[in-house]
Structures are given as C-alpha cells and as structure tokens.
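# Sequence first, predicted coordinates after that:
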Amino acid sequence: MRLDELPPELYSAIISHLPADSFQQDVLALTRAIPRSPVPVHHLFERIRLKHAQQIIQLHRRLRNATSERNWVKDFGIVTWTVDADALVNLLGILPRISSLLLFVGPNFAPEHLEEIFAKPREDLRFLSLRFRPYVKVATYYQFLKGAYFDTTLTALSRWPSYKLPTLSIVQDPPELLISDGKHFAQPLVFFRLDPISALLCSEYISSLIHLRLRIPSRQVSRFISSIPSSVPALRLLDLSTCNILASDMEGILIRFHGLQHLILDGCSVARDQSQVTEWNNIGKICATATIRRAKAREKELKIWLQHNAVTAAAPAAVPQPGARRIRPGRRGLATATISLRDEPTVSEPDIIHVPAGIVIPKVRVVPSPPALLSLCTSASFITDVQHQTIREEFEKGWDEGLVQLAAVKSRLYASWKNGIQMMRITADIGGGGYGGLEAIEGENAFYSEQDDNASLAPPLLCLAGSGTSGKHVEGCGHDIAWNVWNDTI
C-alpha cells in the first residue's frame, strides 16, 4: 500500500506523536512531502507557536473570515518578547476554542491588553502560562508614574466562573543585569500588590487546580497562599522558585496543602546556610511532621466551632454588640459632636469561648495523616558532590526522626481512643469549620496501618540541581515531573 493510500485516521494517529515544539512545521512538511496523501488539514492549526511579530498579523488575515478553521486552534502560544500587543488581542478575540495558552509578556504589553484578553472567560482552557519580562535597556519611568502593573490580570482571572483549569503558570523572569550609559536603573515592576494572588486562589475558577507555578523574584508570597483556608484543595505540584521562601514558610505550605506531592523551591533561601548539614536535618523533620501541626490546627478549629454552637444553643437570645456605645439619657452640650469619623470597632470571633457551667462539649481529636510529599527540589550552589551526599543523608535522618514523632503522637491518640475519646481524620480540604472534610475513625487501622510503617514511608526525593537540565538531577525528582507539565525547562 502506498503512502497516499493510507486512511486519514492513521495519519492522525502518527501526527499525535510529533513533538509540540515543531508540531506545525512537521505537519506542513508531511503535507508537502506527500502532497496527495489525505493528511487532515485541521492538524496544521491545532498547535500554533508564533516566533515573530509579523506572524500574528498574517495568521489574523488567514483566519479572519475562516469561521470553521478558527475552531481548529487548540494549543496557541506566543514565544517572542516583541509583538504588537493590539494585534495579538485582535487575534485571540477570534479564537474561541483554545485549550492551551502560552503568552510571553514583554515590554510592549500594557496591563490593559491582558485585561482585554481575559475579559471573557474561556471554558475550554486547560493550560494557562503567562511569562513576564517587561524589562527595558533604556531607563523609562512611565510605568512607575502611570502605575502600570499587572495586578489586574490576576483579578480578571479570579472573576471567571468555575471551569476546570488543572494547570496554571505565572512566571516573572528575574531581571537581567542591564546597564544604560554605564549606570544601573530601576526596572519596571510586574506585580505591585500580592493581594490579587489570594483572590485568585480563593476563586471558583481554579478550584480544581492541580499544578501551580508562581515565580515572583524576591517577593514574600508564602503568606498570600498558605493563609487561605480551603484554596486549591486538589493541588499536587507547587513551584515557588525565585520567591523569598524560608524554612518556616515551607512548613506553612506543607501544613496548608495536605495533598501536596512535589514542591520546587529553586533559588529560595530554604536553608539559611546550605553548607550546614544540621539545616537539612531540620528541613527533613519539617517535611515529616507538618501533618501533625495540620491535625492540631484542624482540631482547634473544630473545638471552637463546637463551643460556639453550644453557647449559641444555650443562649439563643440576642446579645448586644460589645462595640456599640451606650447613649446616656439627658441633655447634651452644644459642643458634643453628633457624628464620629472613627470606624466602629469590629467584633471578631475569640479563640477562647467561655462555656457556661453545665454544658458539656464533646472532646474530639484529629489523627494526623501520613505525609504525602514525594519530592523536594531546590538549588544548592557551590556544593561539592560529597557535600550533596551528606546533605541528603542528613535530610533523610531528619525525616526518620520526624516519623518517630508522628508514631508517638498516633500512639497517644490510640490510647485515648481506647478510653472512649472520639477520633476523626482529615479526608478533604473543606473550610467553614464543623465536621466538613472529617471522617470518624472506627478501627485500629487508622493508627497502625501498613502505610504508616516507617519502612514504607520512604523519604521524599531531595534534588539540589536547581532549574534547567544541566545539573545532576535525581531520577524521578519534581523537576522531571514539572518539565512534562509545563512543557519547558526553565
């Protein structure tokens, strides 16, 4: 059988194995090499990577009046830093079925361009990658004076409805050493405030997010992602490289995201002194014991909720707000102000609720889950191979010590359970207090299962090679997983 006699379905199966970087060029070469072959034409438009600014205008002219061909575009990317942003906005406006979007945001972009691109939600979008590099070689302070920051991009995405977006990447490239006339000058900022990160992680749009890469060089992003209850409960891979992340921040992240399997912290100061092996012992112990602190925090939330319900049920009558000021009867002087410019004090829920005598609060304990972390990746510069091995051994030693602490906690809880104390375990990340996301324990397996055995709980893979493929990476590390997710090696 000749090549031009093969069925179109067979060509589609062959084309599905082509690499993404050269997919369009390979399909085009195939159609020219076998001009009479029934290669489906829609494959030419499935994956598009534009590397030159002029290609944006050419593609817009090609698809402007081609209604059916617009829907063929599924994977679209701009991989050049110099483009006509207005032309790109017009092009994306006629591509309604994009499932994968990659944008290089260079100095020609203004926040208004991205606002317009993301003004209308895209239901089919499954992969979104925004890479920012707004740096210039000639000093200009227009953006500083105008307040042109891309915070509004995150705000626009947070307003989208609850679609399924498993993969999100927001990367700001580290500023290069640019010199103008022999002098250094300040580079434009990408994000002025980090509050929009919290708004985005709390939004319904990314509630099903599995992979998140957030790189904002030297910024303290930890508290904006780890202090939000019930955000991105399905998160399994988190990359916070180049951010200002310390060991204490890493612990908060592990406590917050109980199902996290791969954590990448390249270029972060996780260890204050990378050459001190004791630092890595502490990091290994943190990875193993974070689940204990998470269980205690959930237990405290449940206790406060139970106390509040008991007090409310015992005293259903309305209680006057403590912040309200009492108005005394009688005549007031003329100089007494009738209004106040001060804000009324807000009433917050106290951590300790005074329960009246006679009311019994059920005692409930939460059993910590086994650690879920599979790999921890960071960069350790100027460390020899011998030191690398020593660091890994100390990390694993700290992990084992943490597992001993975890086993001791479970042993004490098991004794309490035998004495009739109610035990729960965390099954889902659900906020709002109460028993949401908790499951009652009815058997001994929750305390002594095969999964809890120290021998079966292998330490996470510790990779110190950093970003890129040039270093000596540990086989199967989080870097390797991330490269396949993001389709790049940055």
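The structure has been received and is ready for your questions.

# On the three-state scheme, A148 is what?
Following DSSP: H, G, I helix; E, B strand; the rest coil, the label given to A148 is coil.

# Select the helix or strand of the protein having the lowest average pLDDT value.
helix 142-146 (a mean of 52; mean pLDDT, DSSP states H and E).

# What lies in contact with stretch 389-404?
With contact meaning CB atoms under 8 Å, 6 or more residues apart in numbering, stretch 389-404 is reached by 274, 277-278, 280-289, 380, 383, 454, 457, 459-460, 462, 464. All C-beta atoms are positioned from the backbone trio N, CA, C, and that covers glycine.

# Remind me what the helix ranked longest in the chain packs against, helices and strands.
Counting residues, the longest helix found in the chain (DSSP state H) is helix 277-314. On a contact count with 3 or more CB pairs under 8 Å, 6 or more residues apart in numbering; DSSP states H and E, helix 277-314 meets helix 247-256, strand 364-367, helix 385-418, strand 422-426.

# can you map out the strands along the stretch 51-200 of the chain?
75-78, 100-105, 127-132, 167-172 (DSSP state E, counting those that start in this stretch).

# between those strands, which one is nearest to Q307?
For the strands of the stretch 51-200 of the chain, proximity to Q307 was assessed by CB to CB; strand 167-172 is nearest, at 38.3 Å.

# Paired strands for that closest one, with orientation please.
strand 127-132 (parallel), strand 211-215 (parallel) (DSSP bridges).

# Averaged pLDDT, it. What do you get?
Averaging pLDDT along strand 167-172 gives 96.

# For stretch 215-235, buried residues please.
215-216, 219, 221-222, 224-226, 228, 230-233, 235 (16 or more other CB atoms under 10 Å).

# nearest to R293, of the strands of the stretch 51-200 of the chain?
strand 167-172 (27.0 Å).

# mind giving me CSV with the helices and strands packed on helix 277-314 and columns for mean pLDDT, mean neighbour count and distance to A199?
Shown next, in CSV, are the helices and strands packed on helix 277-314 (pLDDT from 0 to 100; neighbours: other CB atoms under 10 Å; distance: least, CB to CB, whole Å):
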stretch, mean pLDDT, mean neighbour count, distance to A199
helix 247-256, 93, 20, 17
strand 364-367, 92, 19, 29
helix 385-418, 92, 16, 34
strand 422-426, 92, 18, 25
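
# Next, format those as a markdown table and append distance to A20.
Shown next, in a markdown table, are those (distance: least, CB to CB, whole Å):
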| stretch | distance to A20 |
| --- | --- |
| helix 247-256 | 30 |
| strand 364-367 | 44 |
| helix 385-418 | 33 |
| strand 422-426 | 38 |
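
# May I have the beta-bridge partners of the residue most central in space within the chain?
For the chain, L212 is the residue whose C-alpha lies nearest the centre (CA atoms, centre = their mean; 3.6 Å). Taking DSSP bridges as the rule, L212 bridges to L168, L238.

# ok, it to Y149 distance?
21 Å (CB to CB, to the nearest Å).

# And R64, by the same measure?
Counting by CB to CB - R64 and Y149 are separated by 33 Å.

# who has more neighbours, these two?
Y149 (18 against 12; other CB atoms under 10 Å).

# ok, the closest residue to R133 other than its chain neighbours - contacts?
Once flanking residues are discounted, R133 sits nearest to D173: 4.5 Å by CB to CB, 6 or more residues apart in numbering. By CB under 8 Å, 6+ apart, the contact set of D173 is 131-133, 135.

# where's the dip in pLDDT among these?
Among these, Y135 has the weakest pLDDT, 75.

# That residue and L189 touch, don't they?
No. Using CB atoms under 8 Å, Y135 makes no contact with L189, being 10.5 Å away.
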